[in-house]
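Enquirer: Structure, please.
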Amino acid sequence: MRIKRYTARTIHEALDAVRRDLGSDAVILHTRKMPTTWLRKLLRWEKFEVIAAIDANIRNQAASSMKALMPQPYGLDEARPGALEKSLYPGKIFPDESEALAQVRRNGNHPKKEAMVGRSAPGTHFIKIHEHFLDSDMDPELADTLIRNSRMKWREAQLTGKTAYELIFQQLTTMFPATNGITLTPGSRRVVALVGPTGVGKTTTLAKIGALFSIFGQKKVAFITADTYRVAAMEQLRTYAEIIDVPLEVAYTPQDMRNALQRHTDVDLVLIDTAGRNPRSDMSMAELRAFLDAAEPDETHLVISINTRTCDLLDIVDRFTLCGVNRIIFSKLDETTRLAPMLTIVNSHNMPISYVTYGQSVPQDIRAAEPTYLARCLLDIKDVCPTVTDDRNYNP
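Expert: Next comes the predicted model:
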């Protein structure tokens with residue numbers, strides 16, 4: 001791996017230097033505004049630092065970042081069934097169902113799991129997938145339905161050479177309503193608001209999306225923050241705005257929100273950050289609705305952390321739908337191995353997923369939601385965030 005540091009007076013100059021030196025496959029590992037001395041402040045000299053790297057593994061990170069920016073086609077050819085089978089079923093192949101069930105019982109699984117496996121999965125592979133779904137915190141009835149529907153197509157699938165994993169994978173892709181991220185229309189401004197409870201990573205997620213469109217997509221982006229409760233939140237977003245060179249407005253009142261939007265009619269994308277709200281507080285939710293009514297966003301994305309209990313996730317989505325939420329962003333996929341609640345949430349509310357995030361790096365660690373990717377996440381946790389593994393090897 002080749003890692004280099006670049007400094008320049010603007011972030012765009014530093015990025016140009018990266019492209020000239022390392023080429024278009026280089027990936028930005030870190031960006032920051034360097035501390036300003038009193039003399040530089042007096043002369044208005046600013047300096048930005050960019051750390052970039054290039055090697056075979058890093059190219060995968062660049063591809064992942066670009067996938068978060070543009071819609072992706074999807075199909076069964078991305079399933080990689082061989083890899084999924086190896087991951088989910090590393091042991092021997094049992095000759096019949098009775099021996100497979102005996103093995104499940106010898107492994108000490110919960111009696112409720114055993115009963116459900118026996119009812120819904122006659123084949124060895126179906127048993128293993130069913131067990132994996134339950135371990136991933138999938139709703140038992142939903143897991144049972146997935147296995148039952150696949151069993152009904154099993155005989156026909158054998159004639160075409162499909163495996164049990166391909167059947168399940170194909171079902172999962174049809175069950176995930178996904179938007180492939182934010183889509184912009186040339187010559188038209190799009191206003192997108194991010195809402196959600198406290199501590200789910202709204203500000204960082206907004207910065208990732210803004211960086212993707214501004215740096216990679218070369219679009220005009222503006223930030224508006226209504227999160228005036230936490231000084232740290234405003235300063236965090238202000239730092240990101242300076243690094244990626246986009247304007248930032250602060251809205252203390254709904255009228256401030258209207259005025260800020262009127263000042264940025266010439267941009268391609270306006271991203272609105274809001275304060276974390278307690279969904280059980282009527283007053284807190286009423287304040288949020290007042291800001292959203294003033295903004296009239298084209299899209300309102302609810303950011304929720306996947307490591308929250310499923311019952312709480314369902315309650316959060318129920319309460320935020322009153323604010324006009326029409327997209328979901330799942331954050332912190334790297335902090336859990338139980339991702340099945342994603343399917344439970346979208347299945348119960350029929351609400352599309354726009355993005356998923358899996359780390360703190362900006363603009364990496366975000367990906368536009370595509371059904372094939374989400375299906376792979378549910379079948380193999382190692383497919384969630386490949387850049388996390390790569391980043392562990394980075395030592396500046």
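
Enquirer: so where do the strands sit in the protein?
Expert: Applying DSSP state E to the chain gives strands spanning 2-8, 27-33, 48-54, 190-195, 221-225, 248-250, 269-273, 299-305, 327-331, 353-357, 366-368.

Enquirer: Output the contacting helices and strands for the third one.
Expert: Pointing back at strand 48-54 there. With contacts taken as 3 or more C-beta pairs under 8 Å, 6 or more residues apart in numbering; DSSP states H and E, strand 48-54 sits against strand 2-8, helix 11-22, strand 27-33. Where C-beta positions appear, they are placed from N, C-alpha and C, glycine not excepted.

Enquirer: which one is residue 365 nearest to, not counting chain neighbours?
Expert: Using C-beta to C-beta, 6 or more residues apart in numbering and skipping the chain neighbours, the partner closest in space to residue 365 is residue 359 (3.3 Å).

Enquirer: My read is that residue 129 contacts residue 164, right?
Expert: Yes. Using C-beta atoms under 8 Å, residue 129 is in contact with residue 164, at 6.6 Å.

Enquirer: roughly how far apart are the most centrally placed residue in the chain and residue 6?
Expert: Against the mean C-alpha coordinate of the chain, by C-alpha atoms, centre = their mean, the closest residue is residue 356 at 0.8 Å. Using C-beta to C-beta, to the nearest Å, residue 356 is found at 30 Å from residue 6.

Enquirer: now residue 313
Expert: Distance, residue 313 to residue 6, by C-beta to C-beta: 41 Å.

Enquirer: quick revisit: list the beta-bridge partners for the residue nearest to the centre of the chain.
Expert: residue 330, residue 367 (DSSP bridges).

Enquirer: Please name the residues that touch it.
Expert: By C-beta atoms under 8 Å, 6 or more residues apart in numbering, the residues touching residue 356 are 329-331, 333, 366-367, 369, 373-374, 377.

Enquirer: Just give me the closest of those residues to residue 306.
Expert: residue 330 (4.8 Å; C-beta to C-beta).

Enquirer: ok so, going back, nearest to residue 267 among the helices and strands packed on strand 48-54 would be which one?
Expert: helix 11-22 (16.6 Å).

Enquirer: need the helices for the stretch 51-200 of the chain, in chain order.
Expert: Under the criterion DSSP state H, counting those that start in this stretch, the stretch 51-200 of the chain contains helices at 56-67, 81-88, 97-106, 111-120, 124-135, 140-152, 154-159, 164-175.

Enquirer: How far does stretch 31-48 stretch from one end to the other?
Expert: 7 Å (C-alpha to C-alpha, to the nearest Å).

Enquirer: oh, I was asking about stretch 350-369
Expert: Stretch 350-369 has an end-to-end distance of 15 Å (C-alpha to C-alpha).

Enquirer: chain center to it: distance?
Expert: 2 Å (C-alpha atoms, centre = their mean, to the nearest Å).

Enquirer: cool, stretch 365-378 as well?
Expert: 8 Å.

Enquirer: cool, and stretch 340-352?
Expert: Mean-position distance between stretch 340-352 and its chain equals 14 Å (C-alpha atoms, centre = their mean).

Enquirer: cool, and stretch 188-201?
Expert: On C-alpha atoms, centre = their mean, the centre of stretch 188-201 falls 13 Å from that of its chain.

Enquirer: what comes up buried for it?
Expert: 189-197, 200-201 (16 or more other C-beta atoms under 10 Å).

Enquirer: between these, which is nearest residue 52?
Expert: Looking across these and measuring by C-beta to C-beta, the closest to residue 52 is residue 201, at 24.4 Å.

Enquirer: Quick check: the two most widely separated of the buried residues of stretch 188-201?
Expert: 189 and 197 (28.2 Å).

Enquirer: coming back round to it: of all the strands of the chain, which one comes closest to residue 136?
Expert: strand 327-331 (13.8 Å).

Enquirer: Tell me which other helices or strands that closest one touches.
Expert: Under the contact definition 3+ C-beta pairs under 8 Å, 6+ apart, strand 327-331 sits against strand 299-305, helix 341-349, strand 353-357.

Enquirer: who's in contact with it?
Expert: 179, 194, 200-201, 205, 299-306, 317, 342, 345-346, 351-357.

Enquirer: quick one: that strand to strand 190-195, angle?
Expert: Angle, strand 327-331 to strand 190-195, by axes from the mean of the first three to the mean of the last three C-alpha atoms, to 10 degrees: 50 degrees.

Enquirer: could I have strand 327-331 exported to PDB, CA atoms only?
Expert: The C-alpha trace of strand 327-331 is given here as PDB (Å, rounded to 0.1, in the frame of the first residue of the first chain):
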ATOM      1  CA  ARG A 327     -37.000   6.800   3.400                       C
ATOM      2  CA  ILE A 328     -34.900   4.800   5.900                       C
ATOM      3  CA  ILE A 329     -31.100   4.900   6.500                       C
ATOM      4  CA  PHE A 330     -29.700   2.100   8.600                       C
ATOM      5  CA  SER A 331     -26.600   3.100  10.500                       C
END
